[in-house]
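> A predicted structure for the sequence below; I have some questions about it.
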Amino acid sequence: MELDKQDIKKTVFSGVQPSGVLHLGNYLGALSQWVEMQNQYNCIFCVVDYHAITVKQEPKELSRRILDVVKIYLASGINPEQAVIFQQSDITAHTELSWILNCASARLADLNKMTQFKEKGAKKESVSVGLYDYPVLMAADILLYNTDIVPVGDDQVQHVELTRTLAERFNRDYGQVFKIPEASVRKQGARIMGLDDPSKKMSKSASSPANYIALTDSPEMAAKKIKRAVTDSGSEIKFDLKKKPAISNLLVIFSLLSGINISELETNYKNKGYGDLKNDLAEEVSKFLREFQIKYNSFTDEEVKRILKDGADKIRPVANETLRRVKEKLGIN
Ligand code: TYM
């Protein structure tokens, strides 16, 4: 039998939480990778709303943000004709598999090692069980679709490693079901740092909006944020993560947005100062946002709802088939 080309394509799965504003770090670390992958692979991109409710959300705002995240996917260049876009809570197999993995594969010792839970939980007075268990739901997301590649920023690599552990343990204890996925992170851009503090990553839960460039910031606001970004001591424009973390971060952002590699940027700014770099980067970021937001504003809620429904309808049978095999192995089918 001749294999259809489609059949031998690898599967890519990734997702973004509809919590807080999406920022340049999400775009450069994750979304821009997805766009590059969609021509080559079977791509599935999820809006992970069940992950978002691990911390309290305002219901009206959450439903708004779910649609807005899809608009961000589309504005980034994800083509719903090529890639499947869907909402996690539309496919019940995610929470079902998550529970099964909780029982059959995940151990407290695994979850106790997760650094993101420690960081997110530390700032809160009361922490939901869901926040602790969140990486198991993420494993379920990935494993349901026989995923080969998970394009993410570097803060999610530990969760993909856990996914591998859970899958391998299940396969060993109950018989082969799951494919073992791999994380894909950018060489540069895997961790875009905060503009106000280059020792912390750019984050949607940052306490100050000076930390990030939101993809919905006005180009003028974004330019201001770049111009106010903290810099390092000295005046030389050089990529050096240890000695010049702030300038290195600006160079990475500049390079990824402009397509000019970092050594070329270093040469271009040899006899110039931090102010020159910031002015040019401010312009580059504004230009990017202007074009991005024209696309972002061109999609209607109705279109987005249709894309989500079609995506879920298309991909649900794959998830249900994996769940069926898992239940069969457990004797609960
Ligand atoms: P989330 O919503 O926090 O972030 C979405 C994606 O953006 C990346 N990212 C960054 N990349 C570079 N620099 C940064 N400063 C930066 N901040 C965020 C994240 O690494 C991520 O790729 N648990 C996930 C969502 C998720 C998921 C999944 C991802 C749920 N299920 C299955 C992949 C596969 C999260 O909270 O991402």
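It's in. Numbers count the residues shown, from 1 in each chain.

> what does this protein put close to the ligand?
Residues of the chain lying close to the ligand (Cβ under 6 Å from any ligand atom) are 13-17, 25-26, 29-30, 48, 51, 138, 141-142, 150, 152-153, 155-156, 159, 190-192, 201-202. The C-beta positions use only the backbone N, C-alpha and C, and glycine is treated the same way.

> Residue ranges in this protein under the pLDDT threshold?
Where the chain drops to pLDDT under 70, the residues are 1-7.

> Give me the domain ranges for it.
According to automatic domain parsing, the chain comprises the domains 3-185+300-330, 209-295.

> so can I have JSON lines of these showing mean neighbour count?
Formatted as JSON lines, these follow (neighbours: other Cβ atoms under 10 Å):
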{"stretch": "domain 3-185+300-330", "mean neighbour count": "18"}
{"stretch": "domain 209-295", "mean neighbour count": "17"}
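
> Let me have these in a markdown table, extended by distance to D196.
Formatted as a markdown table, those follow (distance: least, Cβ to Cβ, whole Å):
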| stretch | distance to D196 |
| --- | --- |
| domain 3-185+300-330 | 13 |
| domain 209-295 | 4 |
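
> Of all the ones you listed, which one comes closest to D197?
Closest approach to D197 among those (Cβ to Cβ): domain 209-295, 6.8 Å.

> From the opening residue of that closest one to its closing one, how far?
23 Å (Cα to Cα, to the nearest Å).

> do the same with stretch 49-65
OK, stretch 49-65 end separation, Cα to Cα: 9 Å.

> can you check stretch 105-116 too?
From its first residue to its last, stretch 105-116 covers 20 Å (Cα to Cα).

> Stretch 20-40 too?
Stretch 20-40: ends 31 Å apart by Cα to Cα.

> got it, and stretch 170-184?
23 Å.

> likewise stretch 193-206?
End to end - Cα to Cα - stretch 193-206 spans 11 Å.

> now stretch 44-64
Stretch 44-64 has an end-to-end distance of 21 Å (Cα to Cα).

> just the strands in the stretch 1-150 of the chain please.
11-16, 42-47, 84-87, 149-151 (DSSP state E, counting those that start in this stretch).

> chain center to the third one: distance?
Just to be clear, that refers to strand 84-87. With Cα atoms, centre = their mean, to the nearest Å as the basis, strand 84-87 stands 14 Å off its chain's centre.

> same for it, what does it pack against?
Where contact means 3 or more Cβ pairs under 8 Å, 6 or more residues apart in numbering; DSSP states H and E, strand 84-87 is packed against strand 42-47, helix 59-76, helix 301-330.

> and the one residue in the stretch 101-250 of the chain that gets nearest to the ligand, what does it touch?
Per Cβ to the nearest ligand atom, G153 is where the stretch 101-250 of the chain lies closest to the ligand, at 2.3 Å. G153 is in contact with G25, N26, G29, A30, V185, R186, A190, R191, I192, K201, counting by Cβ atoms under 8 Å, 6 or more residues apart in numbering.

> Tabulate those (CSV), appending distance to R107.
Below are the contacts of G153 laid out as CSV (distance: Cβ to Cβ, whole Å):
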residue, distance to R107
G25, 31
N26, 30
G29, 29
A30, 28
V185, 26
R186, 31
A190, 28
R191, 28
I192, 33
K201, 28
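
> mind listing the helices for the stretch 201-333 of the chain?
Using DSSP state H, counting those that start in this stretch, the helices of the stretch 201-333 of the chain run over 219-228, 245-258, 262-268, 274-296, 301-330.

> how distant is stretch 232-248 from the center of its chain?
Worked out by Cα atoms, centre = their mean, stretch 232-248 lies 27 Å from the chain centre.

> Also stretch 162-174?
23 Å.
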